[in-house]
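Chemist: I'll drop the sequence and a predicted model, then ask my questions.
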Amino acid sequence: MKAWWIVLAACSTAPRPSIAPVEPPAIELVESQPIETTLDSDLPDAYVVWPEMIASAKQSLDFAEFYAANAPASRLEPIVAAIEAAIQRGVKVRFLAEISMVREYSDTLDRLQKAGAVVRTLDLSTSTKGILHAKYFVVDGRAAYLGSQNFDWRSIEHIEELGARTADPAIVRGLSSIFAFDWANAGHEPAPTDVVDAGALVASPKDLLPAGIRWDLPELVHAIESAKHTIRMQAMTYLGWPELEQPLLDAAARGVKISLLVADWSKREKTIGGLQKLARVPNIEIRLVTIPQAAQGFIPFARVIHAKLLVADRSVAWVGTSNFEREYFYASRNVGLVIRDAKLIDRLARWSDATWSSPYAVRVDPDAKYEAPKIKD
């Protein structure tokens, strides 16, 4: 018995091989795809990622969102409940929303405020004549999420979206700096003057950037101008203006193949003519994406592609919250990431290519007469 005890004791105290902790990637792509389509990929889903991030909060949660719109039994309900649970365990929650949307979407903000969140609204109408269009949140000043997803049940259930979870310290500091700047603005308080190195983070509008934050439009133009082979662009809408469109025309003229993917909402009179004109240019192809109606019937402001990205030669990419229209870069608050990691860029390109090649995408006919789809009741 004693011999066996010695053997067991020796086994129990023998050193075990160490297992290195798995470090999360600095930037991880996260998607939302409309249910009842074939678009779902292997990327993690926002409706799973968001509550995980919120549940990890120990001190603070800062949200900057265009608006907040929940619905009973939706994929957003567990996320709202996770914020309420965070408040109950002592996490300080601040929620910043666009002032023009609060009247239409007040229920969810009221619920969060009653739970203990501090809510403010940002009004840019008198300064830049824009809106708070960014969508991001910061957890404990150590992790963050940004992307095209609005804080809306439809966004994570009935719309194609793309965002990124990040633990990159520079990006998180940059987003925290933007939030502090806008939060102070919303509260009519002095804005912080700290200068940050935001790394890959870029933002708009041009005239409302905290010290150290780069403007995103020059980054997009530079990517287009540096492209030698291919440019992929995707957004809900494109409305060209010379500062962005001329570099695209120049790229096409030097033989760069340009693929522009937009939602069928772009069939409206304001945008379709410009797209048809651009589609006539050699080396530029444009496709419109139509997401079929859900089985439950028509859903206002849903069943659309809403992701925003640009990939140049698979050497540089951008993921953000701006559509390709001038106002988003000159008037409205938006954020984005400039990506140079080859594997991440390749995954981003393949993700967009899947929608481009899907049965939902149809090439723009320069000579067709288009009718705008129904968007709201």
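Modeler: Cool, the structure landed. Numbering: from 1, shown residues only.
Chemist: For residue 339, grab the count of nearby residues.
Modeler: Residue 339: 21 surrounding residues under other CB atoms under 10 Å. C-beta: built from backbone N, CA, C; applies to glycine.
Chemist: contacting residues for it?
Modeler: 27, 200, 316, 317, 318, 319, 345, 348 (CB atoms under 8 Å, 6 or more residues apart in numbering).
Chemist: nearest residue to the residue nearest the centre of the chain other than its sequence neighbours?
Modeler: For the chain, residue 147 is the residue whose C-alpha lies nearest the centre (CA atoms, centre = their mean; 1.2 Å). Distances taken as CB to CB, 6 or more residues apart in numbering place residue 163 nearest to residue 147, at 1.7 Å, with adjacent residues excluded.
Chemist: Which strand residues bridge that neighbour?
Modeler: Note on residue 163: beta-bridge partners by DSSP bridges are residue 30, residue 147.
Chemist: First-to-last residue distance for stretch 330-344?
Modeler: Taking CA to CA, to the nearest Å, stretch 330-344 runs 28 Å from one end to the other.
Chemist: Over to stretch 132-145?
Modeler: 16 Å.
Chemist: again, but for stretch 162-174
Modeler: End-to-end distance (CA to CA), stretch 162-174: 20 Å.
Chemist: The residue nearest to the centre of the chain and residue 156: what is the separation?
Modeler: With distances taken as CB to CB, to the nearest Å, residue 147 is found 11 Å from residue 156.
Chemist: what's the single longest helix in this structure?
Modeler: If you go by DSSP state H, the chain has its longest helix at helix 169-186.
Chemist: Tell me the first helix or strand C-terminal of it.
Modeler: strand 201-204 (DSSP states H and E).
Chemist: So what are the sheet partners of that next one and their directions?
Modeler: Note on strand 201-204: by DSSP bridges, its sheet partners are strand 214-215 (parallel), strand 334-339 (antiparallel).
Chemist: Now do the last one: distance to the chain's middle.
Modeler: In this case it means strand 334-339. Taking CA atoms, centre = their mean, to the nearest Å, the mean C-alpha location of strand 334-339 is offset from the chain mean by 9 Å.
Chemist: and after it, which helix or strand comes next?
Modeler: Scanning forward in sequence from strand 334-339 by DSSP H and E, the next helix or strand is helix 342-356.
Chemist: Which neighbours do residue 147 and residue 156 have in common?
Modeler: Common neighbours of residue 147 and residue 156 (CB under 8 Å, 6+ apart) are residue 46.
Chemist: Cool, thanks, talk later.
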